[in-house]
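Trainee: Okay, here's the prediction I keep looking at, along with the sequence it came from:
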Amino acid sequence: MPLPLDAAAVGRWCALGRESLRAHCSRMDAINVFPVADGDTGTNLCLTFEAAVGALPARDAEVSAGDALRAMARAALLGARGNSGTILAEYLRGMAQGLAEDSDGPSGDKPSESLSRALRCGASAAYAAVAHPVEGTMLTVAAAAAEAAETGGDPAVAAHEALAATPGRLAALARAGVVDAGGLGLTVLLTSLWAALGERVPEEPPAETAAGVSPAACPAPDAATAAAAPADGSPQAPFRPEFEVMYLLETDDPQAVGTLRARLDPLGDSLVIGGGEGLWSVHVHVADAGAAVEAGLAAGRPYRIRITHLPTAGDGTQVGAEGAVQGGVPCGATEPTPEPAAGRRAVVAVVPGEGLAALCRQAGAGVLPTEAAAQQEALVAAVRATGATEVALLPNETELHPVAARAADAARAAGIRCAVIPTRAAVQGLAALAVYQPDRRFDEDVVTMTSAAGATRYGEVTVAERQSWTTAGVCQAGDVLGLVEGDVALIGTGTVQVATDVLARMLAAGGELVTLVLGAEAPEGLAAALEHYVRTSHLAVDTVVYEGRQQEAQLLIGVE
């Protein structure tokens, strides 16, 4: 009989699971074949679980196992890495929900009943998060462990057996002669959980199907799996995802998440969306990274956007284990990646001041005043006025993202390839423009500009026009407000002091370059005071100052 799955057991599981994942990390990376052979499944699972463990309540805190798992699940959601990390975060959330059902149900449940309910809910949540579940993966391991717990069996043994059988359910694994990397990670965690409950655990889970056995000798996928997916594990239609796109999405509309799922599904594969209570984690592999980000803009507020290139062979197909190419191209055959059709590239930036407009024009962008950008027609007209066939659109304000997404849709309907770079402040737009290269492939340009914008923290100093409630308390008309990432962080009476305090907060997380954009009403000496602060307090940080002449904010701050 296992020990109760209480908060103490969760703590023991965290310690054992973290060490065991670390020990198996390199093995998981080495056998990472499906869905993309990018060699990071172990790293992603370790980092995601590390984030979860970091949120574990203190030992002396009076919390239930469900409370502990709920805190872990949210931290895992915020720190999820890759396809496997996103699934793991949702698995933890499902476990927490299962234990919450425990507390609502009749008392006196046996420890095994609590465990089985947690494992079943975890497996169900993981399956629900994946747009197109594939057997022979960590989902299969989760289901096997849950079924064993429900029938009085050993979930750790069941996980080991399901893991060993994954090559027989997924051809990509059979060809490579390995088990599923994500399945190995979950098996490691389930074995650690079983040990934390005081039970004996199986021996080391396998990484290869059998020592010295060639991929050709591995069992073929079963009939159900073969019918559900092509033999190489890729979609039926030719598709070559170039980018992994991940972001967190804030939205209070559950229907928006369903709409987002429907919009992302045809764009790519490996789609996983998990979360709840207004916060969701989104993961997808796509050929058009800009379209994936725009779908998030239409659904809510995406942030922490991460876009990475997926490894490809010379012809753009995904590389499998041992250099084999998934997609029917013979091993070793490579061709140059085709370039897009010729066409002039352009950028349209929404700007709040004439000084910023001049900066953007110097960087080669067309500009549109912020007050005009609220109209979709004005944005579409600005895109068309460039005469380009490929246009990157910089809204530079969170409130303009929905109208920018609609304008991009309208531009695409007119035959213009248009992508929205999710800039939420003018300083992020400047960072994106700094890496803009019109001679680069459009998708690569969109990815690079998006990454540069996302790596730029933004702040603002402005004057309150009226009394109002803020996240920092009640402000009065004439008070100086310091904003960080769009939220009021400070209320003061002097612009220089508030600006210095805001800059100090922003640099607390590190930085290499500070950008100061002075507004039309900025007090004399503001830039000099801030440059002196940076020079004396952050020796390795550079500072650039621009005359933005924007009316609403005395100062815009960017930290890259």
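Mentor: Noted; the coordinates are in hand.
Trainee: give me the number of residues near Leu3?
Mentor: Residues within reach of Leu3, counting by other CB atoms under 10 Å, total 14. Heads up, the C-betas are built off the backbone N, CA and C, glycines and all.
Trainee: Same check on Val201?
Mentor: 18.
Trainee: Name the helix or strand for it, please.
Mentor: For Val201, there is no host helix or strand (DSSP states H and E).
Trainee: ok, now which ones touch it?
Mentor: Going by CB atoms under 8 Å, 6 or more residues apart in numbering, Val201 touches 156, 191-192, 194-195.
Trainee: Ala156 should be in a helix, yeah?
Mentor: Yes: applying DSSP: H, G, I helix; E, B strand; the rest coil, one finds Ala156 inside a helix.
Trainee: helix or strand for the closest residue in space to it that isn't next to it in sequence, which one?
Mentor: Once flanking residues are discounted, Ala156 sits nearest to Trp194: 3.9 Å by CB to CB, 6 or more residues apart in numbering. Per DSSP H and E: Trp194 is located in helix 181-196.
Trainee: next one: that helix to chain centre, how far?
Mentor: In terms of CA atoms, centre = their mean, to the nearest Å, the centre of helix 181-196 is found 24 Å from the chain centre.
Trainee: Run through this structure and note the low-pLDDT ranges.
Mentor: By pLDDT under 70, the low-scoring segments of the chain are 1, 60, 101-112, 204, 206-240, 311-343.
Trainee: And it, split by domain according to the record?
Mentor: Under the assignment named as automatic domain parsing, the residue ranges that make up the domains of the chain are 7-211+220-228, 243-322, 345-454, 457-559.
Trainee: His160 versus the residue nearest to Ala156, what's the distance?
Mentor: 10 Å (CB to CB, to the nearest Å).
Trainee: how many other residues sit next to Glu399?
Mentor: Glu399, neighbours per other CB under 10 Å, totals 12.
Trainee: and His482, bridged to which residues?
Mentor: Actually, residue 482 is Gly rather than His. Here Gly482 sits in beta bridges with Val461, Leu490, as judged by DSSP bridges.
Trainee: Can you name the residues that contact it?
Mentor: Per CB under 8 Å, 6+ apart, neighbours of Gly482: 459-461, 488-492, 498-499, 501-502.
Trainee: cool, Gly98 as well?
Mentor: 117-122.
Trainee: With Asp180 instead?
Mentor: By CB under 8 Å, 6+ apart, the contact list for Asp180 reads 33-34, 136-138, 140-141, 163, 166, 170, 173.
Trainee: Return the closest of those residues with respect to Val383.
Mentor: Ranked by distance to Val383 (CB to CB), the contacts of Asp180 are led by Phe34 at 39.3 Å.
Trainee: and the nearest residue to Ser26 once chain neighbours are set aside, what helix or strand is that in?
Mentor: What sits nearest to Ser26 in space, not counting adjacent residues and going by CB to CB, 6+ apart, is Gly42, at 6.5 Å. Counting by DSSP H and E, the element that carries Gly42 is helix 41-54.
Trainee: The residue of the chain positioned farthest from its centre: helix or strand, and which one exactly?
Mentor: Distance from the centre of the chain peaks at Glu524, with 41.6 Å (CA atoms, centre = their mean). Glu524 is located outside every helix and strand, with elements delineated by DSSP H and E.
Trainee: So for stretch 358-374, first residue to last residue, what's the gap.
Mentor: One end of stretch 358-374 to the other measures 21 Å (CA to CA, to the nearest Å).
Trainee: Ignoring the adjacent residues along the chain, who's closest to Glu90?
Mentor: Per CB to CB, 6+ apart, closest to Glu90 is Gly274, 3.4 Å.
Trainee: Also Gly473?
Mentor: Ile491 (6.0 Å).
Trainee: and if you look at Glu147?
Mentor: Per CB to CB, 6+ apart, closest to Glu147 is Ala158, 6.9 Å.
Trainee: all helices of the stretch 401-550 of the chain, in order?
Mentor: Per DSSP state H, counting those that start in this stretch, the stretch 401-550 of the chain carries helices over the ranges 401-413, 426-434, 442-454, 495-507, 526-537.
Trainee: so which of the ones you listed gets nearest Ala146?
Mentor: Of all these, helix 442-454 comes closest under CB to CB, at 37.1 Å.
Trainee: list the helices and strands the closest one packs on?
Mentor: For helix 442-454, the elements it packs on are helix 289-299, strand 301-309, strand 390-394, strand 417-420, helix 426-434, judged by 3 or more CB pairs under 8 Å, 6 or more residues apart in numbering; DSSP states H and E.
Trainee: Within its sheet, name the partner strands of the helix or strand following the second one and how each one runs.
Mentor: Going back to what we said before, that points to strand 301-309. Sequence-wise, the next helix or strand downstream of strand 301-309 (DSSP H and E) is strand 345-351. With DSSP bridges as the test, strand 345-351 is paired with strand 366-369 (parallel), strand 390-394 (parallel).
Trainee: Let me have the ones you listed in a markdown table, extended by mean neighbour count.
Mentor: Formatted as a markdown table, those follow (neighbours: other CB atoms under 10 Å):
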| stretch | mean neighbour count |
| --- | --- |
| strand 366-369 | 19 |
| strand 390-394 | 27 |
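Trainee: Please identify which of those strands is closest to Ala8.
Mentor: strand 390-394 (51.3 Å).
Trainee: ok, and what's touching stretch 492-505?
Mentor: With CB under 8 Å, 6+ apart, stretch 492-505 has contacts from 459-461, 479-484, 489-490, 514, 522-523, 525-526, 529-530, 533-534, 537, 554-555, 557, 559.
Trainee: now those: which count as buried?
Mentor: Buried subset of these (neighbour count, 16 or more other CB atoms under 10 Å): 459-461, 479-484, 489-490, 514, 522, 526, 530, 533-534, 554-555, 557, 559.
Trainee: what comes into contact with the host helix or strand of the residue nearest to Glu90?
Mentor: For Gly274, the host element (DSSP H and E) is strand 268-276. Contact with strand 268-276 is made by 35-36, 77, 80, 83, 86-87, 89-90, 93, 125, 129-132, 234-235, 239, 241, 244, 249, 257, 260-261, 264-265, 280-287, 292, as judged by CB under 8 Å, 6+ apart.
Trainee: Restricted to helices, list those.
Mentor: Those of the contacts of strand 268-276 mapping onto helices are 77, 83, 86-87, 89-90, 93, 125, 129, 257, 260-261, 264, 292, per DSSP state H.
Trainee: Let's see the strand holding Gly274 as CSV, backbone CA atoms only.
Mentor: Output of strand 268-276 as CSV, limited to C-alpha atoms (Å, rounded to 0.1, in the frame of the first residue of the first chain):
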residue,chain,number,x,y,z
GLY,A,268,1.4,23.7,-38.7
ASP,A,269,1.8,20.8,-36.4
SER,A,270,2.8,19.9,-32.8
LEU,A,271,0.1,22.2,-31.5
VAL,A,272,-0.3,22.2,-27.8
ILE,A,273,-2.3,24.7,-25.8
GLY,A,274,-2.7,24.3,-22.0
GLY,A,275,-3.7,26.4,-19.1
GLY,A,276,-6.8,28.1,-17.7
